[in-house]
Every structure is written in structure tokens, then in C-alpha cells.
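Chemist: please find the sequence and the predicted model below.
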Amino acid sequence: MNKHLYFPLLVLLLSVTGLSGTFGQEAAKSKKEREETVGRELGLDKDKSARLVERQEKYRVQVTAVLQDTSLRPQQRSARLKALAQEHRAALNILLTPQQREKMSAALASRNGARLAAHRKEIESRLPAKNGKRSALDSTNVKTKN
């Protein structure tokens, strides 16, 4: 797969993960609780929040199905994911006002940013210390045969 496609696919995957969690809420929460949270955060009535949560769940299921379909070539998978993303964006454009879409994007960005920061912190804790100590894999101490 073209290496320039990895970043958009990663962003898409992160957004799907963020959407399925509904703005930082635990996945174990009921659909009703997610609807209430979305309605409160975006200022939606009960009907619109229910439709939004239903749309998010449908999108997550569709993306998961495409990602798990082993019969697809990488180019086909990418094309299907792009088509699903466009369809999802179109549905959100109909359902939400521009201000509500901005609020939703900001909430997803902050959630994904926090997740990324936590991941970086975890990875950095596993790396060797930078305070002058050399790691066991340091190649400067390797003796070569002459």
C-alpha cells in the first residue's frame, strides 16, 4: 500500500475509535447514556442524539467489517474506507449544524490527543534512560574482529 495512505487511514481509525466511545465515555455505557451525553455536549434534542449515536454505531460496524475483510486488497480496502467516511460525513452534515460539528471535532481531537499523549508516555517509560547511561543495545561497545 502506498505509504502516503497510512496516515489518513490511521486518522480514520482513530476517529472511528473516538466516535464509538462517544467523546471519552466508556464503551460499556449503555446506548441511552451515550445519547444523553452526546445530546448534552452538542446541544441536541433526544431524537437527534439518538440518530447520531445510531449513525456512529452503524459507521463503526461498517468500518470494522471492511478492516476485517481479508478478501480485499489494500487499495480496495482504502477505497471502501474513503467511501464510508464520505458517506458518514454527509450524514453528519445533514444531522448537525456547523457549530455542533466543530464541537464534536474538538471533543474527538482532545480525546485522541489525550490517548496519544498517554501512549507516548507509556512508550517513553520503556525506553532506556537518557541521563548518560547506555542501553544494552548500544553499538559503541561492540568489538569488531580485525
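Modeler: Perfect, I can see it now. What you see is a predicted model; the values in this text were computed from it and never measured. Numbering: from 1, shown residues only.

Chemist: in this structure, where's the longest helix?
Modeler: helix 98-126 (DSSP state H).

Chemist: elements contacting that helix?
Modeler: For helix 98-126, the elements it packs on are helix 6-21, helix 31-42, helix 74-95, judged by 3 or more Cβ pairs under 8 Å, 6 or more residues apart in numbering; DSSP states H and E. Bear in mind the C-beta positions are built from the backbone N, C-alpha and C, glycine included.

Chemist: hmm, try it at 7 Å
Modeler: helix 6-21, helix 31-42 (3 or more Cβ pairs under 7 Å, 6 or more residues apart in numbering; DSSP states H and E).

Chemist: between it and helix 74-95, how many degrees?
Modeler: Orientation note: helix 98-126 sits at an angle of 140 degrees relative to helix 74-95 (axes from the mean of the first three to the mean of the last three Cα atoms, to 10 degrees).

Chemist: buried ones in helix 98-126, by neighbour count?
Modeler: Of the residues in helix 98-126, 100, 103-104, 107-108, 111-112 count as buried by neighbour count, 16 or more other Cβ atoms under 10 Å.

Chemist: looking at the residues you listed, spot the one nearest Val38.
Modeler: Met104 (8.4 Å; Cβ to Cβ).

Chemist: list the contacts for that closest one?
Modeler: 42, 96 (Cβ atoms under 7 Å, 6 or more residues apart in numbering).
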